[in-house]
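**Q** requesting a structural model of the entry that follows:
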Amino acid sequence: MNRIRPDVDIVNDVLKAVLEASPDSSFVRSLLQQYQERGGLSKKQLQGLHSKASRIHGIPPNKLATLEAIIMKKPTRYKSAMPLSEPLVKKDEQTGQLLNDILAKYPQHKRVIFLKSKYDHNEVLTAAELSELQKFSKLLTKN
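**A** All right, here's what the predicted structure looks like:
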């Protein structure tokens with residue numbers, strides 16, 4: 001964090017003042033520890049600190065105003081909505097109809113049953129498998 005005057009640390013001053021006013025506050029203690037370790041706090045943490053500090057009468061209002069300005073300067077992060085999940089493979093309705101037609105006429109055809117199970121489990125049918133289905137369909141229409 002780049003400061004104009006590095007010798008002035010408002011966040012640290014407010015943290016210490018709040019900790020002096022309420023030494024049993026684990027929230028403020030953890031904020032102070034995080035601030036010392038990381039060198040900064042998130043916007044939500046600073047807002048929590050500001051709400052605690054505004055209830056204490058011993059803290060000067062100019063430090064609270066500076067803390068509020070620091071909070072306003074930080075960016076607000078929004079969570080985006082989860083995108084709708086689409087199936088990885090869209091089923092080809094024509095292929096499904098072809099499989100059903102063949103199985104309607106020959107329900108025990110092992111190769112077509114295998115391809116139907118692949119189709120039902122959203123596995124991609126290769127070009128060779130699709131051509132094989134077309135061939136079975138043509139044989140059906142001849143009979």
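**Q** in the protein, which spans are helices?
**A** Remark: helices assigned in the chain by DSSP state H are 10-21, 26-38, 43-54, 61-73, 93-105, 110-120, 127-142.
**Q** tell me which residues in the longest one are buried?
**A** So the one you mean is helix 127-142. Going by neighbour count (16 or more other Cβ atoms under 10 Å), the buried part of helix 127-142 is 129, 133, 136. Glycine gets a C-beta too; all of them are placed from N, C-alpha and C.
**Q** from those, pick the one nearest Y78.
**A** Nearest to Y78 among the buried residues of helix 127-142, counting by Cβ to Cβ, is E129 at 46.1 Å.
**Q** which one is the closest one nearest to, not counting chain neighbours?
**A** Nearest non-adjacent residue to E129, counting by Cβ to Cβ, 6 or more residues apart in numbering: L115, 5.8 Å away.
**Q** do you know the pLDDT at the one you found?
**A** Looking at L115, its pLDDT reads 91.
**Q** how far away is it from P107?
**A** Going from L115 to P107 by Cβ to Cβ, to the nearest Å gives 14 Å.
**Q** any stretches of this structure with poor pLDDT?
**A** Along the chain, segments meeting pLDDT under 70 span 1-6, 87-89, 143.
**Q** make it 80
**A** The chain contains residues with pLDDT under 80 at 1-7, 82-91, 140-143.
**Q** can I see the domain layout of this structure?
**A** Using automatic domain parsing, the domain ranges for the chain come out as 10-73, 93-142.
**Q** between the buried residues of helix 127-142, which is closest to I59?
**A** Nearest to I59 among the buried residues of helix 127-142: E129, at 74.3 Å, using Cβ to Cβ.
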